[in-house]
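Q: When you get a sec, could you give me coordinates for this:
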Amino acid sequence: MRITITFIRVKEYDAIVIGTGITGGWAAKELCEKGLRTLVLDRGRDVPHGAYPTANLDDWDLPNRGKLTIEEIKEYPIQQRAGYVDQATKHFWLKDSEDPYHEEYPYNWIRGYQVGGRSLLWGRQVYRWSDLDFKANAQEGIAIDWPIRYRDLKPWYTYVEKHIGVSGQKENIPHLPDSHFLPPMDYYAIEEDFIAAIRDQYNDRIVTIGRVANLTNGLGNRGPCQFRNRCIRGCPYGAYFSSNSSTLPAAMATGNMELRPFSTVAEILWDDKAQKARGVRVIDTETKEEMIFESKIIFLNASTLASTKILLQSQSSRFPNGMGNDSGVLGKNLMDHHCYAGATGYSEKYPDLYYKGRRPNGIYIPRFQNLNQNTQRDNYLRGFAYQGNAGREDWFRVIREAEYGAQFKEACLTPGQWMIGLIAFGECLPYSDNEVYLHPTKKDPFGLPQLAIKAEWKNNELSMRPEMQSAAAEMLEAAGMKNIITYDNGTNPGGGIHEMGTARMGRDAKTSVLNKWNQIHSVPNVFVTDGACMTSSACQNPSLTYMALTARAADKAVKLLNSGEL
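A: Okay, here's the model as predicted:
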């Protein structure tokens, strides 16, 4: 498709933030609160906090009881792989035709184009990393070493946690440091039994309540969680952390933020004379007009693959292969968590007990493999952790029972057995041939190159998966669960929706894109603090680490700017 573009030159800013998701919101908040006039760009529409059209609807209020029609499913062939797209959320997920990409192997690039990005859609599980994670590459000779350690992020974890609100409980586990916690959510009775059984029968693993960015107490202008478990629709109470409910309002309150939705960043512009970036070229997604915005510093937070795509598109005589790509590693070492393997078990205990509300959280079993000599595995490096949940089977099971008459009515009104399900999230190693690049011929609707993705699970990941099933089944059996079913449903890379890497941090500019402050080595006024910066993936949900890195980098950027070094 041919596009007519009008050229418009626009004013300068102190800072530009590209993206409004979890890290973009944090960059906006920190830079604005430190006094910088900041332009915040997002390629999607604006979604003011509270403008969540299905947040208060019951399933029966939705068309087809929430299910997409066959025709609607055709609009989301990739997005619906995650299993989240339905009538209640489809307005937050991208239609694949609106921004296609090329898959060399199946890859699930799950996206939401709106102000707030996937911070409106995330699972909210937040876990600190430890030096077990930051040191692993160096100790095992994998890829390159992280340029930071846990001590560098520890105060920033706390800083972020106090703002977002994390409910959970202390466990004093060295490889899963405790956070700054709000009161934990309560366990169900069957979970308490499971926890006690694991404590009694294992000395290498524990079960704890999930550490989740849902408020159990009100925080500032945000109310406490109502236990509706409709978080993915947007929370009008602000009870879970999102850019829309928290960081963007904080940035706006300073008077220093200008938010511009419908703005696709085509490239970051290089100033050859000044030897730094001077701004960004933007295409208005509604009018197709082209604009240039200039600034002293730029924070790139468009999400892992989108940020790397922008860097690859940012070509000049200085950077013919993409901005900051002197090392040649830009686009390489794509990672995600492999999951959808585990086990489910049932119990005949507590037939007279139920639970109240819909807890938007579950239980967590931290990694217990390859921690020391006693937990060493011979067939794979690193490890996995479990997320799980308990509940009683509900009336949906009567479809399987196919009861009739009085028996049918009784089955509808009687809760089923208690059950516990465990799903593993495993670490993916960084591989240089798991990569993204600009497709040489395919274009997106704005005439920009499509992103091409080539990634697959390799032997180390695949070797974990049998134990992901067997260890879950073993623990459920140890806790007295019956009718245990193991599963490995498989998943393409991207299915964990934790894409990481492709513009990694490192000490050496010859082998990395970013330094320890998330600055591009050769373009020090550009900071990349979303998942693209990651040097390894650990097995914990990564968003808390992204936020801590962003707050830390913003603090450094402002100090460098104020000292005249940028």
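Q: where do the helices sit along this structure?
A: Secondary structure of the chain by DSSP state H: the helices cover 22-33, 70-73, 131-134, 136-140, 150-164, 189-201, 248-253, 304-313, 398-401, 405-413, 459-478, 543-562.
Q: Lowest mean pLDDT across these, which one is that?
A: Lowest mean pLDDT within those: helix 398-401, a mean of 54.
Q: Out of the helices of the chain, flag the one nearest residue 58.
A: Among these, helix 405-413 comes nearest to residue 58, with 17.6 Å by C-beta to C-beta. Every residue, glycine included, has its C-beta placed from N, CA and C.
Q: Going by neighbour count, which residues of that closest one are buried?
A: Buried positions in helix 405-413, judged by neighbour count with 16 or more other C-beta atoms under 10 Å: residue 411.
Q: Which elements pack onto it?
A: helix 398-401 (3 or more C-beta pairs under 8 Å, 6 or more residues apart in numbering; DSSP states H and E).
Q: Mind listing the residues bridging to the residue lying closest to residue 294 once chain neighbours are set aside?
A: Take residue 294 and drop its neighbours on the chain: the residue closest to it by C-beta to C-beta, 6 or more residues apart in numbering is residue 279, 3.5 Å away. Assessed by DSSP bridges, residue 279 has beta-bridge partners residue 269, residue 294.
Q: most packed of the helices of the chain?
A: Mean neighbour count, computed with mean count of other C-beta atoms under 10 Å, is highest for helix 22-33 among the helices of the chain, reaching a mean of 29.
Q: And that one, what does it pack against?
A: Using 3+ C-beta pairs under 8 Å, 6+ apart, helix 22-33 is in contact with strand 7-18, strand 38-41, helix 248-253, strand 290-300, helix 543-562.
Q: Report the inter-axis angle for it versus helix 304-313.
A: In terms of direction (axes from the mean of the first three to the mean of the last three C-alpha atoms, to 10 degrees), helix 22-33 departs from helix 304-313 by 70 degrees.
Q: show me the residues around the residue nearest to residue 481 when sequence neighbours are not counted that make contact.
A: Nearest residue to residue 481 in three dimensions, chain neighbours excluded: residue 345, at 2.9 Å (C-beta to C-beta, 6+ apart). Residues counted as contacts of residue 345 (C-beta atoms under 8 Å, 6 or more residues apart in numbering) are 419, 420, 473, 476, 477, 479, 481, 482, 483, 484, 485.
Q: Kindly write the ChimeraX command that selects the buried subset of those.
A: Command for ChimeraX that selects the buried part of those, burial taken from 16+ other C-beta under 10 Å:
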select :419,420,473,476,479,481,484
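Q: Just flag the most distant two among the contacts of residue 345.
A: Farthest pair in these, by C-beta to C-beta: 479 and 485, 15.0 Å.
Q: how about low-confidence regions in the stretch 301-450 of the chain?
A: Residue ranges of the stretch 301-450 of the chain with pLDDT under 70: 395-404.
Q: Show me where it has its strands.
A: 341-347, 363-365, 384-392, 418-426, 435-443, 449-454 (DSSP state E, counting those that start in this stretch).
Q: Now tabulate those in CSV and tack on distance to residue 227.
A: Formatted as CSV, the strands of the stretch 301-450 of the chain follow (distance: least, C-beta to C-beta, whole Å):
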stretch, distance to residue 227
strand 341-347, 23
strand 363-365, 16
strand 384-392, 13
strand 418-426, 19
strand 435-443, 39
strand 449-454, 38
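Q: Save the helices of the chain as a markdown table, and put in distance to residue 80 too.
A: Listed next are these as a markdown table, based on distance: least, C-beta to C-beta, whole Å:
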| stretch | distance to residue 80 |
| --- | --- |
| helix 22-33 | 23 |
| helix 70-73 | 6 |
| helix 131-134 | 32 |
| helix 136-140 | 34 |
| helix 150-164 | 29 |
| helix 189-201 | 31 |
| helix 248-253 | 28 |
| helix 304-313 | 19 |
| helix 398-401 | 22 |
| helix 405-413 | 30 |
| helix 459-478 | 24 |
| helix 543-562 | 23 |
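Q: Domain-wise, how is the protein divided?
A: 13-125+221-336+432-456+496-562, 182-210+338-426+458-488 (automatic domain parsing).
Q: okay, those, which one's buried deepest?
A: domain 13-125+221-336+432-456+496-562 (a mean of 21).
Q: I'd like to know how far residue 504 sits from residue 552.
A: To residue 552, residue 504 is 17 Å away according to C-beta to C-beta, to the nearest Å.
Q: An error on my part: the question was meant for residue 165.
A: Residue 165 sits 20 Å away from residue 552, going by C-beta to C-beta.
Q: contacting residues for the nearest residue to residue 206 once chain neighbours are set aside?
A: Leaving aside its chain neighbours, residue 206 sits nearest to residue 171 (6.2 Å; criterion: C-beta to C-beta, 6+ apart). Each residue near residue 171 by C-beta under 8 Å, 6+ apart is listed here: 178, 206, 208, 366.
Q: Check residue 522 too.
A: Residue 522 touches 319, 324, 326, 509, counting by C-beta under 8 Å, 6+ apart.
Q: Kindly recompute the last result at 7 Å.
A: 324, 326, 509 (C-beta atoms under 7 Å, 6 or more residues apart in numbering).
Q: same question, residue 519
A: Contacts of residue 519 by C-beta under 7 Å, 6+ apart are 526, 527.
Q: do you know how far it is from residue 321?
A: Note on residue 519: its distance to residue 321, by C-beta to C-beta, is 19 Å.
Q: what does residue 408 give?
A: For residue 408 relative to residue 321 (C-beta to C-beta), the value is 66 Å.
Q: same thing with residue 247?
A: Residue 247 is 33 Å from residue 321, by C-beta to C-beta.
Q: do residue 484 as well
A: Residue 484 is 52 Å from residue 321, by C-beta to C-beta.
Q: likewise residue 149?
A: Counting by C-beta to C-beta - residue 149 and residue 321 are separated by 31 Å.
Q: I'd assumed residue 388 was in contact with residue 363.
A: Yes - using C-beta atoms under 7 Å, residue 363 is in contact with residue 388, at 4.8 Å.
Q: show me the contacts for residue 444.
A: 99, 100, 450.
Q: Could you export these as JSON lines, including distance to residue 129?
A: Below are the contacts of residue 444 laid out as JSON lines (distance: C-beta to C-beta, whole Å):
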{"residue": "99", "distance to residue 129": "31"}
{"residue": "100", "distance to residue 129": "34"}
{"residue": "450", "distance to residue 129": "33"}
